[in-house]
Structure formats: C-alpha cells, structure tokens
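1. Sequence and predicted model, in that order:
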Amino acid sequence: MELDLNILKPQERLSLQLRLLYEQEGFCKYHMGRFEEYGLYQENRRFLSSEQVITFTDLDGRLLALKPDVTLSIAKNAQVEAGSCGRYYYAENVYRPSQESHTFQEISQMGLECIGAVDDAVTAQAVSLALRSLALTGRDFVVELSHMGFVTGLLDAVGAPEAIRPRLLTCIRDKNLHELQKCAAEAGLSRQGADALGRLGQLSGGWEAVLSAAEPLALNAPMGAALTELRTLCGTLAAREQTENLKLDLSLVNDMDYYNGLVFQGYLAGLPRAVLKGGRYDPLAAQFRPGARAIGFALYLDELDRLTDQEEAGDGRGMLNVALPKGRLGDKVYDLLAGVGYGCPENYNDTRKLVVENPTAGIRYFLVKPSDVAIYVEHGAADIGIVGKDILAESGADVYELLDTGLGRCRMCVAGPKDFADDPGRSLRVATKFVNIAKRYYAAQGRDIDIIKLNGSIELAPILGLSDVIVDIVETGTTLRENNLKVLTEFMPISARFIANRASYQFKRREIDTLLGKLREVTEQ
C-alpha cells in the first residue's frame, strides 16, 4: 500500500521534511528524556523563558522537572570535542506556562543547535537552515534579523544606566517611540541619545539599505563589529540567493542575559506570532564549556495547526482588519479615518452587521468591547486596533504600540479618603478592576497589599470600609470629590494607543504605515 503523506497534519509533514534536511546538512539527532533534575533549571533559571517549572519527587527522592527547555540540556550534555563544532537537531515537547490559558501547556518544538567552535560559516549555515525550514511550509514567510551587539553598544554610547535598560529594550522591541522618549528623558539621557535610540525602529527593511543607514549610527567598536558581522552574513546568504524573504530590523531585541549577538525570528503568513526564534547564546554555552560559542533556533510546530484550509488557499493580505472599541472612542477614530479616505459605504452605527468594509480602500472594521481590542489584535483576528493604555497595560498583550493618539486622555491613580494615612505596619487593602496594574505598581515600591477585585463602582470600596484605597482611572475627579475622596498618587497617563499585530506588521507594513501616517496627521494637528 502506498503511503499518502496528505493524511498527515501540517506539523507532521513538516517534521519529516525537516529531519531529512537537517541530516543532509550533517546534523545528528539529539534525544533527551522527558524529565531532568530540577537543579539544572534552578541553577540556570536566567536562561529560561519562565522560572515556573513543573516539578515532582522521583521514587529515589530526587526532585525532577518536566523539561521546560531543550537547549539547556543540549548545552550541558552534548559531547563536543575541543576545537570542533557539535551540530544537533531535535524534535521534543517542552512544558511551559501559557499566558493565554494561565496553565502549563505542552509545546512541540523542532530545532537545531551548533555548539563549540562557531565561526561565520556555521552562523551562515544556521540562518540559512532557518530560512529553508520556513520555506518547506510552502507559505509566504519573513525572517527578520538583528544583532544585540548593535543595540547594547548604542545603549553604552548614549550612557543609558543599567537599571533602566530593560525598560528601554521593551520600548524598542514594541516600537513604542513615545514611551521610549519618555523613559530616556526620565533616565537623564540627552535629546540626541534619545533620538538615536528612537531611530532603531526606522532601521528595518532590505539588508543593504538598512546597513547603509545604520553605519552613521555606529558610535563605538561593538556597534561597528555588529554591522560587520551582519554584512558578512547577509552577503553569504545573498550569494546563495536566500535574501528574498530576509529583512533586517535592528529594533528586534531579546533577553540580554541569554542572547549576546545575532538574533532572528520567523513569521508565516496567516499565523499571529513568530513561529521560529533563535540567535547566538554564547553565555549559556560557556556555562558548561569555557570559551564555547553557540547558535541555534527552535520552530514551534504547534503553531502550524492554527492554519486552516481557508487560510492556506489565500494570502490573507487583501484588507486591513481594524478592531474598534465600542463607544465614543471608536466612533471618533472611525470618523477621523473616514475623513482621510478610509470610510465605508455603510455606517456601522446604522446597521446590525458586525463587520463593515470598503474593498476599494482595503479596509475592514469591526466593533468589539474595549477590553477585547488588544486580544483580537494579539491573536491576529485584527491587524490593528485602537485601545486605551489602561487596557493594554492590564492585558499585557504582546503587540506593537505604534502611536499615542492623544485621544481619551485621563490618568491611573491611587485614591482614598481625604484623611487617609498609610500604615506601613500592615498590608494595604486595594480595591480595583486593574489587578495587574495595581500589583506592578505596589511591587515596584515593595509594598505588601491585599487586592480586592471589583468590576464597578470602585469608589464605594473605601467609603464602606471594604478597602483602604482604590486604583482606578480618573478623568475629572468629580466623582471622587463628591464622595469625599481624593487623588493620592497619579502614576500612569492614559490615552488611546494605535497597536498592531506583530506578524501582520511583517506582511502588511506598507498598508499599516500608510494608515498610521494619515491618522497621525489628524491627531497631531
């Protein structure tokens, strides 16, 4: 009987193809057990994506863990001769906490690792295989490439304090220019330094153009070395005719404790997030072999099961899908966009349709509850959306924050009775519907709190003695004053933000930037 590969799921077919590819390229399969001693992860937790690990006690009393990571085990256990480079590939399941379900999930990964004497040729082979791996899916794809040395070198050049660097890196990663400028000013950076950091977001596109634009920004030796390495790598890939789906984006950054050089990630059309992530991780390799270097990547096979037959039939690029919040904010944003050519023949307020569109303008709108906008965008149901900073911060959605529209300005505050005096000798009772925001605010102060989650009429909590204070949005303060409450602290300015799905931005950047530019014109007047 002839084997029909079409009955296999996408990830099953791809696994077979990848195994053949990697073995043809000289990689050996690495297989590890499902369990690992917990001590390995405890001692190297800075290299893990999360410190939360599933543990249990073995029959002999040892504390074991379901493996949350494959690279760490390979770096520790792989047998690599001195002066040589070990090449391994793997197909394993790992167990990590999921932000979506708030439970642990089993994740199917396939990837490769090169450990030992990693030179330019090995680096080029690894990135080339990342490109070829995504090409095997048969879908349109993008691999974006960056270098941590360029970013950290720039942070050194502008004198960014160590304590503020994680926050700066988050702003750079999220293309959040408005927050980046604010953070840089608070850190005491010069205007020129803040502008230099802000220009990282513009260094994106074809490799030759980006490297040419980046050269004037190379203010020290590490930055220059990073550009030289990128130019050598891209030149090698160009000679192999592998740069069509490759782009440089020097705002792509990752964990500085883990990655110390080249970083890259890959996207497939039709999927809402990166399906491939990798880079140089010499600090981890040197943990077990002094002087060793390492590069590798992981492909998340589970993501392929999100592809539907309908998605595989089309490229999904026909229109921009826009999530608008129900209410005055959504109405105002729609009116602004309609005024610059993005209106629809039928007004969504005059119809019971959930979706209205204008194929000529390439735009499709749908109204959702304000608290759901970020979710629709993060999961790729919408390419872009408008959402309040309060909702964005509370949800922790992994999206690009491209513009502060300035609409709907208010502030997040701590409020309480007019005669309130904090007693640091006991836990502070805080009522709020913004649980995550409140926890982060007080954790930064080291203040012990008890959270009381409420969904409405927050001001009642201190009046009735349910809480000491509240954390809530304040616009005019009238409600507080009428109930003998006052603002104790303002700690977060709030306004409507223009956000984009990370994968959509790879494939629809021109359309998104065009709409963003027109929205910026009418909101900044």
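-> Received it, and whenever you're ready, just let me know what you need.
2. What ranges in the protein fall below the confidence cut-off?
-> 1-5, 99-101, 256, 308-317, 348-349, 351-352, 525 (pLDDT under 70).
3. Swap in 50 and give it another go.
-> Low-confidence segments of the chain (pLDDT under 50): 309-316.
4. May I ask you to name the longest helix in it?
-> In the chain, taking DSSP state H as the definition, the longest helix is helix 221-239.
5. helices and strands around it, which ones?
-> helix 120-135, strand 141-147, helix 148-157, helix 207-214, strand 246-249, strand 262-268 (3 or more CB pairs under 8 Å, 6 or more residues apart in numbering; DSSP states H and E). Placement of C-beta: from N, CA and C, glycine included.
6. could the ones you listed go into a markdown table alongside distance to F366 and mean neighbour count?
-> What follows is the helices and strands packed on helix 221-239, written out as a markdown table (distance: least, CB to CB, whole Å; neighbours: other CB atoms under 10 Å):
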| stretch | distance to F366 | mean neighbour count |
| --- | --- | --- |
| helix 120-135 | 30 | 19 |
| strand 141-147 | 26 | 24 |
| helix 148-157 | 37 | 22 |
| helix 207-214 | 35 | 17 |
| strand 246-249 | 29 | 22 |
| strand 262-268 | 23 | 25 |
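7. Quick check: which of the ones you listed is nearest to L169?
-> L169 lies closest to helix 148-157 among those, at 7.3 Å (CB to CB).
8. Can you identify the element that follows that closest one toward the C-terminus?
-> As assigned by DSSP states H and E, the chain's next helix or strand after helix 148-157 is helix 165-173.
9. What residues sit buried inside that following helix?
-> Going by neighbour count (16 or more other CB atoms under 10 Å), the buried part of helix 165-173 is 165, 167-169, 171-173.
10. And the residues you listed, which is closest to D372?
-> R173 (23.8 Å).
11. Name the nearest residue to that closest one, sequence neighbours excluded.
-> Of all residues not flanking R173 in the chain, V253 sits nearest, at 5.1 Å (CB to CB, 6 or more residues apart in numbering).
12. Over to L64?
-> In space, L64 is closest to F35, 4.5 Å off (CB to CB, 6+ apart).
13. show me the residues around the nearest residue to G318 once chain neighbours are set aside that make contact.
-> Spatial nearest neighbour of G318, chain neighbours left out: G362 (7.1 Å); criterion: CB to CB, 6+ apart. Shown in contact with G362 (CB atoms under 8 Å, 6 or more residues apart in numbering): 318-320, 511.
14. does L197 sit in a helix or strand, and which one?
-> helix 191-198.
15. Export that helix to CSV, keeping only CA atoms.
-> Extracted in CSV, the C-alpha atoms of helix 191-198 (Å, rounded to 0.1, in the frame of the first residue of the first chain):
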residue,chain,number,x,y,z
ARG,A,191,17.9,64.6,23.4
GLN,A,192,20.5,63.3,20.9
GLY,A,193,20.8,60.0,22.8
ALA,A,194,17.0,59.5,22.9
ASP,A,195,16.7,60.3,19.2
ALA,A,196,19.4,57.8,18.4
LEU,A,197,17.5,55.1,20.3
GLY,A,198,14.3,56.1,18.5
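16. Could you identify the helix or strand that succeeds that helix?
-> Following helix 191-198 toward the C-terminus (DSSP H and E): strand 204-205.
17. Give me the neighbour count for L515.
-> The criterion is other CB atoms under 10 Å. On that basis, L515 has 24 neighbouring residues.
18. any idea how far it is from P370?
-> 20 Å (CB to CB, to the nearest Å).
19. what do you get for L64?
-> L64 is 45 Å from P370, by CB to CB.
20. more crowded one of these two?
-> P370 (22 against 18).
21. can I assume that one is in contact with L329?
-> Yes - with contact defined as CB atoms under 8 Å, P370 reaches L329; the gap is 7.3 Å.
22. which residues are common contacts for the two?
-> Counting by CB under 8 Å, 6+ apart, the contacts common to P370 and L329 are G388.
23. Wait, V368 touches A323, no?
-> Yes - using CB under 8 Å, V368 is in contact with A323, at 5.4 Å.
24. List the residues that are in contact with both of the two.
-> Contact criterion CB under 8 Å, 6+ apart; residues bridging V368 and A323 by contacting each: Y376.
25. okay, the two: which has more neighbours?
-> Neighbours per residue (other CB under 10 Å) separate V368 from A323, with A323 holding more: 25 against 21.
26. Just the residues contacting the one helix or strand that one maps to, thanks.
-> Element membership for A323 (DSSP H and E) is strand 320-325. With contacts defined as CB under 8 Å, 6+ apart, strand 320-325 is touched by 330, 333-334, 337, 362-370, 372-373, 376-377, 381-388, 508, 511-512, 515.
27. are any of those residues buried, and which?
-> Of the contacts of strand 320-325, these count as buried by 16+ other CB under 10 Å: 330, 333-334, 337, 362-368, 370, 372-373, 376-377, 381-388, 508, 511-512, 515.
28. what about the closest residue to F498 other than its chain neighbours, neighbour count?
-> Using CB to CB, 6+ apart and skipping the chain neighbours, the partner closest in space to F498 is L403 (3.9 Å). Close neighbours of L403, defined as other CB under 10 Å, add up to 22.
29. hang on, the earlier thing: which one of the contacts of G362 has the most neighbours?
-> Highest neighbour count within those: L320, with 22 neighbours (other CB under 10 Å).
30. I'd like the distance between the nearest residue to R46 once chain neighbours are set aside and L155.
-> Nearest non-adjacent residue to R46, counting by CB to CB, 6+ apart: D257, 4.8 Å away. Relative to L155, D257 is positioned 15 Å away (CB to CB).
31. Can you say which of the helices and strands packed on helix 221-239 is nearest to G198?
-> Nearest of those (CB to CB): helix 148-157, 10.9 Å.
32. quick one: contacts of that closest one?
-> Residues contacting helix 148-157 (CB under 8 Å, 6+ apart): 165, 168-169, 172, 193, 196-197, 200, 214, 217-223, 225-227, 229-230, 250, 253-254, 256, 259-263, 279-280.
33. ok, of those, which come out buried?
-> 165, 168-169, 172, 193, 196-197, 200, 214, 217-218, 222-223, 225-227, 229-230, 250, 253-254, 259-263, 279-280.
34. Okay, the spatially most central residue of the chain and N501: tell me how far apart.
-> Geometric centre of the chain, nearest residue: D398, 4.7 Å, by CA atoms, centre = their mean. Remark: distance between D398 and N501 (CB to CB) = 9 Å.
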